[in-house]
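Peer 1: just need the structure, nothing else, for what follows:
(2 chains)
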2 protein chains.
Amino acid sequence: MTPTSSTQAQTGSVKTGPQAVDFTHRLTEVAGTVETFLVERLGPEVGTGEITRPPRLMAAMRHAVLGGGKRLRPFLAIETARMLGGSEAPALAAGAGVELVHCYSLVHDDLPAMDDDDMRRGKPTVHKAYDEATAILVGDALQTLAFEIVADPTWQPDARIRADLVLGLARASGLGGMVGGQLLDLTAEGRFGTATLDVDDTLRMQAMKTGAILAFSVEAGAIVGGADEGQKAALLRYGLALGQAFQIADDILDREASPEAMGKATGKDKEAGKATLVDRLGLDGARAECDRLVGVCEDAVGPWGESARILRDAARFTVARKT
Amino acid sequence: MTPTSSTQAQTGSVKTGPQAVDFTHRLTEVAGTVETFLVERLGPEVGTGEITRPPRLMAAMRHAVLGGGKRLRPFLAIETARMLGGSEAPALAAGAGVELVHCYSLVHDDLPAMDDDDMRRGKPTVHKAYDEATAILVGDALQTLAFEIVADPTWQPDARIRADLVLGLARASGLGGMVGGQLLDLTAEGRFGTATLDVDDTLRMQAMKTGAILAFSVEAGAIVGGADEGQKAALLRYGLALGQAFQIADDILDREASPEAMGKATGKDKEAGKATLVDRLGLDGARAECDRLVGVCEDAVGPWGESARILRDAARFTVARKT
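Peer 2: Just a heads-up that it's a prediction; the model follows:
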């Protein structure tokens, strides 16, 4: 299966243009804000006793969520909302919801019945650190918590915005998005009988499995930031191109990077006999396609001028990252 | 683990008072309405092609959801809303969301790493009929679909009501409710080391695992039906007592019923060495406690007089059911 997820934060060495220092500083800063928000939601000190927050479940949820990841999805939500003049708190809550969905999918994808991975973000996967039953429940509870946070009026008084965020997150992550894409990925590996997946099939599968939720991260920022329909359409173009670029960059990394650098197994696509865009275009051609998609991203946010600098840098970062 | 779920519809033989025929007719009628609603959401004819609705995933989701169950949770949501003068369509959508959460929990609870059950509602469990990976994804996608339906403006234009329903459903089904209760149940079975669970611990665990979502079914009807705070408090009393009565009735059934009648394994509590209220009170004492709880339910909906007849019958049905 394609390792499509982000891994350990490693932002210092990426060249993202003249404002690279600003960008990596901001990415690290937002990751810290997201971490603090998630610690507060998952901390043992919250709640009314052991019965309502089983300690083992909470510890395993913290293992799954805290201390790793670039937090690219909440970053996109927050920076999109900021570009539109929105405040950070409601975008942080929406972005944290997306991040929790991302984290739950990693926990379930790593299970023995799925990818059977032992390591994630350089530490044991949840079912290795705990056990399979706990890992299944951790994933389930993380998904639920994502919707609970997004629907919570604490961070967002406008119920219409909250309901829109829930609906968008569900559509991006369910049977027509992330989960459906994961099923197609397993199908592509021949899990349910002989299957052939050409490059276009792979692109569609990837668009569902990882593209939909990345694009929704941007859309969440647009919803929270009060974008009008024209702005939403432009930001959707940005989000979709970013998702595609992210995926091709992942395919390149899967072919090139070492397991040590990635904190997880690599080369699994080739092993699984799955065709990716790298097979069709070669490594140089795939890199050129990434650059083209970055151009699409830059065009899409062009109307925002200097205010869109962080989102332009984010597109460049997505294709230049080393993990 | 306690079999806490509903099984095959079997409503014809239950004595629920003079209006028994009316009640069982209505229960069957609503189950049909729920089935139709779910068929439309899960049908192969919906969607824009195989890529966005993987056929294997859809078929396995239908296997998990359709053709079984009394649909008690949507019934409670719909009848509560109707009692309050609300229309059926928005309550149906909310109730269907609760039912999908219930269904997802059954699919994951049945997994080999959890209860390892082969049969459910008289047919093979999802991981037996398909495979473990598909069953994990089916559960994940059903949870997502639940929130998608509840947040969808098609059935409920009022965004505040939709957001309230999402929040309530998430709280009832997540780490402080259903999933947390399931983790405590596994703990009680000694899965994570030696554990002792006295009767009060069991009652708390059951209140989280199954009580919270049953009580929310009633609350969902109250939210959709526009209940004021006093009405909500009364309906919460009804829902909590109903959830307790349901669980004790399940404990009695687990001790008494045959696997054939239940469509799944029975006697698992005793096998797991888990203390239930039946151990403390005996079978007759447990039945008396059920009757007391039915009285609490009847008192709670007393102010609604004849309009509350179906909810009163539902409480009696809950303790008198044979599956």
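Peer 1: make it CA atoms for all contacts and neighbour counts henceforth
Peer 2: Will do.
Peer 1: mind listing what's buried along the helix ranked longest in chain A?
Peer 2: If you go by DSSP state H, chain A has its longest helix at helix A:229-256. If you call a residue buried by 16 or more other CA atoms under 10 Å in any protein chain shown, then helix A:229-256 has these buried ones: A:231-232, A:234-255.
Peer 1: now swap in stretch A:31-38 and tell me
Peer 2: A:Ala31, A:Thr33, A:Val34, A:Glu35, A:Leu38.
Peer 1: likewise stretch A:184-197?
Peer 2: Buried-residue list, stretch A:184-197, by 16+ other CA under 10 Å: A:Leu184, A:Asp185, A:Leu186, A:Thr187, A:Ala188, A:Glu189, A:Gly190, A:Leu197.
Peer 1: any chance of those residues in CSV with pLDDT as columns?
Peer 2: Listed next are these as CSV, based on pLDDT from 0 to 100:
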residue, pLDDT
A:Leu184, 92
A:Asp185, 92
A:Leu186, 93
A:Thr187, 90
A:Ala188, 87
A:Glu189, 86
A:Gly190, 88
A:Leu197, 76
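Peer 1: so which of the residues you listed are in helices?
Peer 2: A:Leu184, A:Asp185, A:Leu186, A:Thr187, A:Ala188.
Peer 1: ok so, going back, tell me the two of the buried residues of stretch A:184-197 that are most distant?
Peer 2: Farthest pair in the buried residues of stretch A:184-197 (CA to CA) is A:Leu186 and A:Leu197. Separation: 11.0 Å.
Peer 1: so is whichever helix or strand A:Ala163 is part of next to chain B?
Peer 2: Element membership for A:Ala163 (DSSP states H and E) is helix A:159-173. Yes: Helix A:159-173 is in contact with chain B by CA under 8 Å from any CA of the partner chain, via A:Ala159, A:Arg160, A:Arg162, A:Ala163, A:Asp164, A:Val166, A:Leu167, A:Ala170, A:Arg171, A:Ser173.
Peer 1: what helices or strands is the one helix or strand A:Asp313 maps to leaning on?
Peer 2: Per DSSP H and E, A:Asp313 falls inside helix A:309-320. In terms of contacts (3 or more CA pairs under 8 Å, 6 or more residues apart in numbering or on different chains; DSSP states H and E), helix A:309-320 is packed against helix A:20-42, helix A:72-83, helix A:229-256, helix A:277-300.
Peer 1: please save the CA atoms from stretch A:130-143 in CSV.
Peer 2: C-alpha atoms of stretch A:130-143 as CSV (Å, rounded to 0.1, in the frame of the first residue of the first chain):
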residue,chain,number,x,y,z
TYR,A,130,-0.6,-1.7,23.0
ASP,A,131,-2.7,-4.4,21.2
GLU,A,132,-5.0,-4.9,18.3
ALA,A,133,-8.3,-4.4,20.1
THR,A,134,-7.0,-1.2,21.7
ALA,A,135,-5.8,0.1,18.3
ILE,A,136,-9.2,-0.6,16.7
LEU,A,137,-10.9,1.3,19.5
VAL,A,138,-8.3,4.1,19.4
GLY,A,139,-9.1,4.7,15.7
ASP,A,140,-12.8,4.6,16.3
ALA,A,141,-12.6,7.1,19.2
LEU,A,142,-10.3,9.4,17.3
GLN,A,143,-12.8,9.6,14.4
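Peer 1: what's next to it, contact-wise?
Peer 2: A:57, A:60-61, A:64, A:100-101, A:103-105, A:107-108, A:111, A:126-127, B:108, B:113-114, B:140, B:144, B:174-175, B:179-180, B:183 (CA atoms under 8 Å, 6 or more residues apart in numbering or on different chains).
Peer 1: these in helices, which ones?
Peer 2: Among the contacts of stretch A:130-143, the ones falling in helices (DSSP H) are A:57, A:60-61, A:64, A:100-101, A:103-105, A:107-108, A:126-127, B:108, B:140, B:144, B:179-180, B:183.
Peer 1: hang on, the earlier thing: what is the longest helix of chain A packed up against?
Peer 2: helix A:212-224, helix A:268-271, helix A:277-300, helix A:309-320.
Peer 1: hey, which of those helices is tucked in deepest?
Peer 2: Of all the helices and strands packed on helix A:229-256, helix A:212-224 has the most neighbours on average by mean count of other CA atoms under 10 Å in any protein chain shown, namely a mean of 29.
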